[in-house]
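Visitor: predicted model and sequence below, questions to follow.
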Amino acid sequence: MTSRPMRNPQLAWREIDGEIVIISPEDSQVHELNVTAALVWKRADGEQTLEEIAAGMVSEFDVTHESARKDVAELIAQLAEKQLVTAAVEVKT
Amino acid sequence: MDRWIQRTVQRHLPWSVHLDITYRCNERCIHCYLDHTDYGEMSTQEIKGVLDQLAEAGTLFLTLSGGEIFLRSDLFELIGYARKLHFDVSLKTNALLIDTQKARKLRELGVRRIQISIYSTDPEVHDAITKVRGSLKRSIRAIRFLKAQGLHVKIACPLMKQNLSAYRGVLALAEELGVPYVIDLTITPKMDGDTSILPLRVSAQSLLPVLQDPILNPPPDTGCAARDSTPVTGSATSSGIESEAYDDIPCSAGHNSCYISPYGDVLPCVQMPIPAGNLRRQSFGEIWFDSRAMNRVRAVRESHLPVCSGCSIRQYCERCPGLAHMEGGDLLGAYERACDMAELNARMAGAVNPVSALHAMKALTDDAASIPMKPAQVSASDCGH
């Protein structure tokens, strides 16, 4: 939980009502993120660790820390698979 | 995407903005609706300020156009700034100034789409329209530079009397280059209302063979590589995006899209020159949400249109409220060109003698005018009998 995921800077995106729509300039592919995924996306700035993103989720939603960590890890994996984020920028020592 | 369009229409969010950053141009196209004199374009900082406001207001789709955008020395700075604000950036350019280095820079900046007008594959025809010798060769060369960088290029082919038969060649060129294309049938009055360029338009009747051409209507599964999902005919200024959200509104103008001129004027659309405000004097939010002009446009519903809502061939009509305003003088009205095209489309769909509501009304008026007046009753006494 020490990697610092970062949004793909090539992507165009906007937040509306807590949800996010993303467009890839390369293939015009549209991706939609619900409120939970949007929170993870917005915090995936290359600065925050997965642990810190999970802590953010706990403070925003009524979820346990354990559940938040699991959800964040899964969401980041899904976003990375779609090349919307780079999974691990740096490992905190 | 439809869900987002519905949401932005309902919430009046400026989802898509067409920003002309200059009216200056290095071509002098005979059908152009702009005055190319620079009366004081917004500075780099002013445009960045506008982009900040648009990002804050929720704009995602940003089209930078002109005039010729590459005449601005700060173009890449502006695109870079827009991309940092996470806009989806598309460009409209004649591409005359694009070389390999510029194409590479556009790719690095993450521009999604570049639209370039090609009028004919015959240099004599294309260059006579742009009034720049060698312009066809340079535009096509630029398309190849852009394609080599993996960028998405779209060819627009505005049709007018001068190039009516040229579209087949342009389509073949698009196929060869592997790019999508749109045949644009729209020739509009100039933005100041000057209609002197309208005679360049091809009549609806003369468009019939074009619209019936099998090359524009291939059967499904013919593997046309260059064709994308948008219709092959339409307006080059339109996004081409269809949505149920637009069902009872004339178009997206003022609902989730607008136009900004190089001088900061905000209009509902480039084809709807109804001034809503100026960004040098007001914030974008004030103009977009509170201006009388935007709210007036926003209030219009298809079902409110006094003539068109009762038209029997409405489904074949591509009425543009901006052109209704410019050509018919009434934002809610019908206008000749739309009616002519609707009747043409209806005939092509198999309707027998389709008549638009406007033309039906005019026929009634003409008939009434042509009925001989009933002779005044003459009394016997008047005749001296």
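Guide: Okay, I see it. Numbering: from 1, shown residues only, chains lettered A, B, ... in the order given.

Visitor: show me what contacts B:Val50?
Guide: For B:Val50, the contacting residues are B:19, B:42, B:260, B:264, B:279, B:284, by CB atoms under 8 Å, 6 or more residues apart in numbering or on different chains. The C-beta positions use only the backbone N, C-alpha and C, and glycine is treated the same way.

Visitor: of these, closest to B:Gly66?
Guide: B:Leu19 (9.6 Å; CB to CB).

Visitor: isn't there a helix covering the closest one?
Guide: No - B:Leu19 sits outside any helix when classified using DSSP: H, G, I helix; E, B strand; the rest coil, being strand.

Visitor: what helices or strands is the longest helix that chain A contains leaning on?
Guide: Identified as the longest helix of chain A according to DSSP state H is helix A:65-81. Applying 3 or more CB pairs under 8 Å, 6 or more residues apart in numbering or on different chains; DSSP states H and E, one finds that helix A:65-81 contacts helix A:35-43, helix A:50-60, strand A:85-86.

Visitor: moving C-terminal from the helix or strand of chain B with the lowest mean pLDDT, which element do we reach first?
Guide: Using mean pLDDT, DSSP states H and E, strand B:233-234 stands out as the lowest-scoring helix or strand of chain B, at a mean of 64. Toward the C-terminus, strand B:233-234 is succeeded by strand B:257-260 as the next helix or strand (DSSP states H and E).

Visitor: what's the spacing between that following strand and its chain's center?
Guide: 12 Å (CA atoms, centre = their mean, to the nearest Å).

Visitor: and the nearest residue to B:Leu60 once chain neighbours are set aside, helix, strand or coil?
Guide: Leaving aside its sequence neighbours, B:Leu60 sits nearest to A:Arg14 (CB to CB, 6 or more residues apart in numbering or on different chains; 4.3 Å). Put simply, A:Arg14 is strand when judged by three-state DSSP.

Visitor: might one say that A:Arg14 is in contact with A:Val21?
Guide: Yes - counting by CB atoms under 8 Å, A:Arg14 does reach A:Val21; the two are 6.0 Å apart.

Visitor: one step back: in JSON lines, list the helices and strands packed on helix A:65-81 along with distance to chain B.
Guide: JSON lines is the format used below for the helices and strands packed on helix A:65-81 (distance: least, CB to the nearest CB, whole Å):
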{"stretch": "helix A:35-43", "distance to chain B": "11"}
{"stretch": "helix A:50-60", "distance to chain B": "19"}
{"stretch": "strand A:85-86", "distance to chain B": "14"}
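
Visitor: what does the helix or strand where B:Val170 lies contact?
Guide: Using DSSP H and E, B:Val170 sits within helix B:167-177. For helix B:167-177, contacts defined as CB under 8 Å, 6+ apart pick out B:118-122, B:140, B:143-144, B:147, B:153, B:155, B:157, B:159, B:180-181, B:183, B:210, B:213, B:215-216, B:224-226.

Visitor: if you set the cut-off to 10 Å instead, what comes out?
Guide: For helix B:167-177, the external contacting residues (CB atoms under 10 Å, 6 or more residues apart in numbering or on different chains) are B:117-122, B:125-126, B:136, B:140, B:143-144, B:146-147, B:153-157, B:159, B:163, B:179-183, B:210, B:213, B:215-216, B:224-227, B:232-233.
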